[in-house]
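# sequence first, predicted model second:
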Amino acid sequence: MALDRWIGLVLLGIFVAYGYAAWFTMDAGLAPFMQRNPIWPSTFPKVLSIIGILVGLIIVLGLEKPDKPRDQDPSVTVYRQLKEFKLGQAGLLLGLMVAYALLLRPAGFIAATVGFLVIGSAILGERRWITMIVVAGLATGIVWYLVQVVLGIFLRPLPAFMGV
Amino acid sequence: MLEGILIGLQTAFSVQNLLMVIGGCLIGTFIGMLPGLGPMSIIAIMIPVAISLGDPSAALILLAGVYYGAIFGGSTSSILLNAPGVAGTVATSFDGYPMARDGKAGKALTIAAIASFCGGTVGAILLMIFAPMLSSVALLFHSAEYFALMVVGLSAIAAFAGTGQVAKAIMMTLLGLIMATVGEGALFNMPRFTMGLMDLQSGFAFITLAMAMFALPEALYLVMDPARSKSGQSGDIKDLRITRDEAKSIAPVIGRQSLQGFFIGVLPGAGATIASFLGYAVERNIAPEKEKQEFGKGSIKGLAAPETANNAACTGSFVPLLTLGIPGSGTTAILLGALIALNVTPGPRLMLDDPQIFWAVIISMYIGNLVLLILNLPLIPYIAKILAVPRNFLIPFILFFTLMGAYIGQNNATELLLLVGFGVCATVLRFADYPLAPLLIGFILGGMLEDNFSRSMQLYDGIGFIWERPMTLGLLIVAALLVILPSYRARRARARAEGVADGD
């Protein structure tokens, strides 16, 4: 089964779960006076869930035929492409982004950002450390100034234990 | 209308707004030139900046400037490196790149700039004529018609997704719609689908979603597929002049494509990409036999046609946004999101309630086009140096800017985790050839769609409004036809190809 139909299956699951919540669990706490309304908070989600399940079935069962031959379809060729893709680098960068999200407040903007930019370039194979640190430092300073002073949005510059 | 134009002139020509147009165009050209980054990512990255300006006219002017700049920048990288940053400029590289290889890069850039300028300017004039007409009709609409109109818009976007793609596009739209129902809606005052998480109480943030759908997958693709990010020195760019004969031969092309591009751009879901390819094909077919041979080998007509058409279409796509409040493309959807964040609701009332915004945007389109022609074009040889920035430095910066955008929009580190999570999902969806723009459009229209639906339900005490209001019924039938017709026609064509009788 090609990737697009697997994803169709996942999406179908999402719509079934969403539909279950809309049809069976959501209205339990509805106040009596609201039940007289022609529209409930669950009405629109109910409609969406039905259409979603129908369209999901069309995708999973492959009822809509593409106009190009199946072996040229991007969702089939992607398996071949994936082998050539540098998934490791992408994964590492995503991990780095998660680390940045978790460290931004505790470590402060300056340390976290310089670290992110330098390690990010290093993951991509850059080894000119001095250039990397200078560029990252300059960029961090400029962005901090723009966000904090020009836009007026607070960004803690230093690590949490150093105050501010 | 004259009064409106004067208000617009007054707003657009304030020092601040002029700086916004110029700054926006320059930033857009800069980033748009980077291969692999389209206007949607750039606008998504610029939204937090625009929103923190606080002034809706200035914000929209800035974003519109970024938009034109990005498209112009995309043409530049198509011409110089054969690396289109946007689908809308792919057709530009057909003839632009061969010209650059022949050492006529300067001439190609000038033609592209003039064609864009004319396309954009004619588009803006048509917008001035059609937008007020359309919005005076739209003022007669009730919430029932609005609901139906939005359904038509969403179906049209799915219908234009191409054969074999309609179900996927509808799926993505629905996914956007259900994401819009998460959180506390304005109408019911109770949290829905938050799964008990406090962080979802106010729903998903639109900026985070826009970044995750466009900027992050594009950056990840650049990482995974190094061939995509061709960076390198472009050849010397000199001799920006074109001759009188050349001008004479492209003038009719520009005239035709400005009109055609604009009207294609008005259709929801069609947009700049279709306009540019169609423009190229039409001009090739009607060219004399001798010039037809030139197409694909560096024909100036083949360069002028897609450039004019895509700029005119970009302007055209503002018509449904400004008059109906319904975005027809990913980019206008992002602009709509930014406007809503600034407490401005685009739609037919915009012209009456906030004429200064409406007209300032249109006037700034002229200024933007002028800025691109007289400021960016001479600067291109210098701006093109950014193409030589190594990707090892570039990619971490792009990722950092997406993070920053999501963070300063919400001031919340959880948002960054959501961004990464959605970004991964969006990349996987892109692997499987699911279109992402419908998701964002669905997400942005979701709230309004439900509000209008609920209001009509309340007024008519049930779903009676569908058959009691002929216009609503008519629009909903159009929506159904839009979705069903493409697959029905594909099925019939296939049946005929297989030699089966037409009877099914």
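Perfect, thanks for sending it. Treat the numbers as computed from the prediction; the structure is a model and nothing was measured.
# now do the strands in chain A.
Counting by DSSP state E, no segments of chain A form strands.
# make sure residue B:215 is actually in contact with residue B:403.
No - with contact defined as CB atoms under 8 Å, residue B:215 does not count as touching residue B:403 (9.9 Å). In short, each C-beta sits where N, CA and C put it, glycine included.
# before we move on, what SS does residue B:346 have?
coil (DSSP: H, G, I helix; E, B strand; the rest coil).
# dump the residue contacts of it.
Residue B:346 sits next to B:321-322, B:325, B:336, B:339 when contact means CB atoms under 8 Å, 6 or more residues apart in numbering or on different chains.
# neighbours of the residue nearest to it when sequence neighbours are not counted, how many?
Counting by CB to CB, 6 or more residues apart in numbering or on different chains, residue B:346 lies nearest to residue B:325, which is 4.3 Å off, once chain neighbours are set aside. The burial count assigned to residue B:325 is 24, neighbours taken as other CB atoms under 10 Å in any protein chain shown.
# and the spatially closest residue to residue A:110 that is not a sequence neighbour, its phi and psi?
Nearest non-adjacent residue to residue A:110, counting by CB to CB, 6+ apart: residue A:157, 5.1 Å away. Taking degrees, to the nearest 10, you get phi -80, psi -40 for the backbone angles of residue A:157.
# count of residues packed around residue B:149?
When neighbours are counted by other CB under 10 Å, residue B:149 registers 24.
# what pLDDT is listed against it?
With respect to pLDDT, residue B:149 scores 86.
# ok, the one 4 residues further on next?
For residue B:153, the model assigns a pLDDT of 84.
# nearest residue to the middle of the chain?
No chain was given, so I picked chain A. Closest residue to the average C-alpha location of chain A: residue A:94 at 10.3 Å, with CA atoms, centre = their mean.
# oops, wrong one, chain B.
Residue closest to the average C-alpha location in chain B (CA atoms, centre = their mean): residue B:331, at 3.1 Å.
# isn't residue A:157 up against residue A:108?
Yes - counting by CB under 8 Å, residue A:108 is a contact partner of residue A:157 at 5.6 Å.
# between these two, who's got more neighbours?
The residue with more neighbours, out of residue A:157 and residue A:108, is residue A:108; 19 against 16, by other CB under 10 Å.
# what about the chain, any weak spots by pLDDT?
Picked chain A for this. Applying pLDDT under 70 to chain A flags the ranges A:1, A:66-78, A:151, A:160, A:162-164.
# my question was about chain B
Looking at chain B by pLDDT under 70, you get B:35-36, B:84-86, B:162-163, B:185-187, B:227-239, B:269-270, B:409, B:497-504.
# strands of that one, residue ranges please.
Using DSSP E, strands in chain B cover B:183-184, B:191-192.
# single out the most deeply packed of these.
Among the strands of chain B, strand B:191-192 has the highest mean neighbour count (mean count of other CB atoms under 10 Å in any protein chain shown), at a mean of 19.
# how about the residues of the stretch 201-350 of chain B near chain A?
Proximity of the stretch 201-350 of chain B to chain A (CB under 8 Å from any CB of the partner chain) is limited to residues B:220, B:223-226.
# neighbour-wise, which one of those leads?
residue B:223 (27 neighbours).
# OK, contacts around it?
Applying CB under 8 Å, 6+ apart, the residues near residue B:223 are A:86, A:89-90, A:93, A:124, B:395.
# quick check: it vs residue B:426, distance?
Note on residue B:223: its distance to residue B:426, by CB to CB, to the nearest Å, is 14 Å.
# same question, residue B:397
Counting by CB to CB, the gap from residue B:397 to residue B:426 is 20 Å.
# show me which of those two is the more surrounded one.
residue B:426 (24 against 20).
# tell me if I'm right that that one and residue B:437 touch.
No - using CB under 8 Å, residue B:426 is not in contact with residue B:437, being 11.1 Å away.
# which neighbours do those two share?
Shared contacts of residue B:426 and residue B:437, counting by CB under 8 Å, 6+ apart, come down to residue B:213.
# okay, helices next: where are they in chain A?
A:3-20, A:32-35, A:43-61, A:74-84, A:87-107, A:109-123, A:129-145 (DSSP state H).
# deepest-packed of those, please.
helix A:109-123 (a mean of 21).
# could I get it in PDB with only the CA atoms?
Included here for helix A:109-123 are C-alpha records, laid out as PDB according to Å, rounded to 0.1, in the frame of the first residue of the first chain:
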ATOM      1  CA  PHE A 109      17.900  33.600  24.600                       C
ATOM      2  CA  ILE A 110      21.500  34.400  23.900                       C
ATOM      3  CA  ALA A 111      23.100  31.000  25.000                       C
ATOM      4  CA  ALA A 112      20.300  29.000  23.500                       C
ATOM      5  CA  THR A 113      20.300  30.800  20.100                       C
ATOM      6  CA  VAL A 114      24.100  30.900  19.600                       C
ATOM      7  CA  GLY A 115      24.200  27.200  20.500                       C
ATOM      8  CA  PHE A 116      21.300  26.400  18.100                       C
ATOM      9  CA  LEU A 117      22.900  28.200  15.200                       C
ATOM     10  CA  VAL A 118      26.400  26.800  15.700                       C
ATOM     11  CA  ILE A 119      25.300  23.200  16.300                       C
ATOM     12  CA  GLY A 120      22.900  23.500  13.400                       C
ATOM     13  CA  SER A 121      25.600  24.400  11.000                       C
ATOM     14  CA  ALA A 122      27.800  21.700  12.500                       C
ATOM     15  CA  ILE A 123      25.200  19.100  11.900                       C
END
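# what about that helix, distance to the chain center?
Distance of helix A:109-123 from the chain centroid (CA atoms, centre = their mean, to the nearest Å) equals 21 Å.
# which residues touch that helix?
Helix A:109-123 is contacted by residues A:89, A:92-93, A:96-97, A:100, A:103-104, A:107, A:129, A:132-133, A:135-137, A:139-141, A:143-144, A:155-159, B:392-393, B:395-397, B:399-400, B:403 when judged by CB under 8 Å, 6+ apart.
# compute the inter-axis angle for that helix and helix A:129-145.
140 degrees (axes from the mean of the first three to the mean of the last three CA atoms, to 10 degrees).
# quick one: stretch B:164-178 near chain A?
Yes - with CB under 8 Å from any CB as the criterion, chain A is reached by stretch B:164-178 at B:164-168, B:170-171, B:174-175, B:177-178.
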